[in-house]
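S.K.: Fold the following.
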Amino acid sequence: MDVWKRLLVIFLVTLSCVGCDQGTKLLAAEHLPKFQMTSYLNDLLRVGYTENIGAFLGLGNNLSEQARFWFFVVLVGTFLLALLVYLISNAKQHLVPLIALSLVFSGGMSNFYDRVVNNGAVIDFLNIGIGSIRTGIFNVADIAIMFGVFLLIFAQSKHKPTV
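M.R.: You can find the predicted model right below:
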C-alpha cells in the first residue's frame with residue numbers, strides 16, 4: 001500500500017477514535033458524578049467519572065509520581081512515536097493490520113493526551129460485568145486499543161500458514 005493511502009487510513013482511524021474518546025471524556029467530566037458509579041441494565045453497565053493515574057486496571061497506581069511520568073509519558077510517548085513511524089513506513093502492511101495498529105495507536109494517543117493535560121491522569125467512566133465478575137473502569141480509547149489488539153490477532157491467524 002502506498003504511503004498516501006496508509007496516511008489516509010491512519011488519519012481517519014485516529015481522527016474518529018480520538019474524537020470519539022475525547023468527546024465522551026468531556027461529556028463524562030461535565031455530566032457524571034465524580035467517583036461514584038451509577039448502575040444500568042440490571043447492573044451489567046456502571047457509569048461514573050474517575051481519574052486513573054495508573055495503567056490498565058490501575059496497574060502502576062502505587063508508583064511514585066516521577067516513575068509514573070517516566071513510564072506513562074516518556075516510555076509510552078516513545079512507543080507511540082515508534083508505532084507511528086512503523087505505520088507510515090511499512091509499505092508491506094495490509095489494510096486490516098494497518099487499521100488494527102492504527103486503533104492501538106489512536107487509543108494510546110488519546111490516553112497519552114489525557115496524561116499530558118490532566119496531571120498524569122486518564123479519565124475513565126465505564127465498567128461492565130455480572131455480579132462480582134467485573135472489568136476495571138475504562139474508556140473509549142481502551143476499547144479501541146483492545147479491539148485493535150483482537151483485530152491484529154485475528155488478522156495474523158488468518159495469514160498464518162497451517163503445517
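
S.K.: A strand includes residue 42, no?
M.R.: No - Residue 42 is assigned coil when assessed by DSSP: H, G, I helix; E, B strand; the rest coil, not a strand.

S.K.: buried stuff in the longest helix along the chain?
M.R.: In the chain, assigned by DSSP state H, the helix with the most residues is helix 3-31. Under the neighbour-count criterion of 16 or more other Cβ atoms under 10 Å, helix 3-31 has 6, 9-10, 13-14, 17-18, 20-22, 24-25, 28 buried. Where you see a C-beta, it was placed from the backbone N, CA and C, and this is true even at glycine.

S.K.: Which pLDDT value goes with residue 12?
M.R.: Here the pLDDT value assigned to residue 12 is 98.

S.K.: Over to residue 154?
M.R.: Predicted confidence (pLDDT) for residue 154: 92.

S.K.: List the contacts of it.
M.R.: Neighbour list for residue 154: residue 96 [criterion: Cβ atoms under 8 Å, 6 or more residues apart in numbering].

S.K.: can you give me the offset of the strand or helix carrying it from its chain's centre?
M.R.: Assigned by DSSP states H and E, residue 154 falls within helix 140-159. Taking the mean of its C-alpha atoms, helix 140-159 sits 11 Å from the chain's own mean (Cα atoms, centre = their mean, to the nearest Å).
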